[in-house]
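[1] Compute the structure for the input listed below.
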Amino acid sequence: MVSIIWGFFIFIGVIFSVATGQVESLNNQILNGASDGMKLIFEMLPILVLWTGVMKIAENSGILQKFSNLVRPVLHKLFPSLRYDDPALGYIASNIAANALGLGSAATPFGLKAMEEMQKNNPKKDTATEAMITFLILNTGGVTIIPTTVIALRMSQGSANPSEIIITSLLATFCSSFAGLMLDYFLRKRKRL
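    Next comes the predicted model:
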């Protein structure tokens, strides 16, 4: 659906440029946009590679497993339908850790594995379970302690203090996660009544 919307905007932009005789301006914007996009990628890539590497080291060294064991009691309370030793809880913990560091790209594989594990025990394969919905809310709100990607973007744009976003990011993501989880809890409780 998003590709259709963007395709529509591009089509309208091209039609407008031709109709107003600004085809050269359109060509300049296309070339400058591609150049700016590549520049942004090369400025952000080192930071994202560094933190993704840190996550891979943490995974290979067992730190993520230790983190998973540490937060498993809390996660089991959030996901009561999952067994305490369910592998999905480990993937959920790893996803939370990656999101906390602002590494959505590193969190994605863990999130997919968590959903895959939860789907194995899903009696209705075409319907999301309560645990899947809760995980989706938790993943979307994702409490971010260090918003690595945003800091990298701010650095690439020459911000005087790129890390000043940390406190506001932490507050915003905490509030969104808390509100989402509370709504999930109340709706789940109401459904059982």
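
[2] Provide the contact partners of stretch 93-104 at residue level.
    Residues outside stretch 93-104 that contact it (C-beta atoms under 8 Å, 6 or more residues apart in numbering): 48, 51-52, 54-55, 58-59, 64, 67-68, 71-72, 75, 106-107, 110-111, 114, 138-139, 142-151, 169. (C-beta placed from N, C-alpha, C; glycine too.)

[3] Kindly recompute the last result at 7 Å.
    Residues from elsewhere that reach stretch 93-104, judged by C-beta atoms under 7 Å, 6 or more residues apart in numbering: 51-52, 55, 59, 64, 67-68, 71-72, 75, 106-107, 110-111, 114, 139, 142-150.

[4] Could you do stretch 111-120 as well?
    Outside stretch 111-120, the residues within contact range by C-beta under 7 Å, 6+ apart are 86, 87, 88, 91, 92, 95, 129, 131, 132, 135, 139.

[5] still on that earlier bit, quick one: buried ones out of the contacts of stretch 93-104?
    Buried residues within those, counting neighbours by 16 or more other C-beta atoms under 10 Å: 51-52, 55, 59, 64, 67-68, 71-72, 75, 106-107, 110-111, 114, 139, 142-144, 146-150.

[6] These in strands, which ones?
    Residues of the buried ones among the contacts of stretch 93-104 located in strands (DSSP state E): none.

[7] hmm, back to that, which one (most neighbours) among the contacts of stretch 111-120?
    residue 92 (30 neighbours; other C-beta atoms under 10 Å).

[8] what separates that one from residue 117, distance-wise?
    9 Å (C-beta to C-beta, to the nearest Å).

[9] gap between the residue nearest to the spatial centre of the chain and residue 55?
    Nearest residue to the geometric centre of the chain (C-alpha atoms, centre = their mean): residue 104, 4.0 Å. Separation of residue 104 from residue 55 (C-beta to C-beta): 11 Å.

[10] same deal with residue 167?
    23 Å.

[11] Likewise for residue 173?
    Residue 173 sits 18 Å away from residue 55, going by C-beta to C-beta.

[12] again with residue 64
    Separation of residue 64 from residue 55 (C-beta to C-beta) stands at 8 Å.

[13] try residue 19
    When distance is defined by C-beta to C-beta, residue 19 is 49 Å away from residue 55.

[14] which residue lies farthest from the center of the chain?
    Distance from the C-alpha centroid of the chain peaks at residue 21, with 41.3 Å (C-alpha atoms, centre = their mean).

[15] Do you know the pLDDT at that one?
    Note on residue 21: pLDDT of 85.

[16] what's the answer for residue 106, then?
    pLDDT, residue 106: 74.

[17] Correct me if wrong: it contacts residue 54.
    No - the pair residue 106 / residue 54 is not scored as a contact, 9.0 Å apart, by C-beta atoms under 7 Å.

[18] and residue 146, what are its phi and psi?
    Dihedral pair for residue 146: phi -120, psi 100, per degrees, to the nearest 10.
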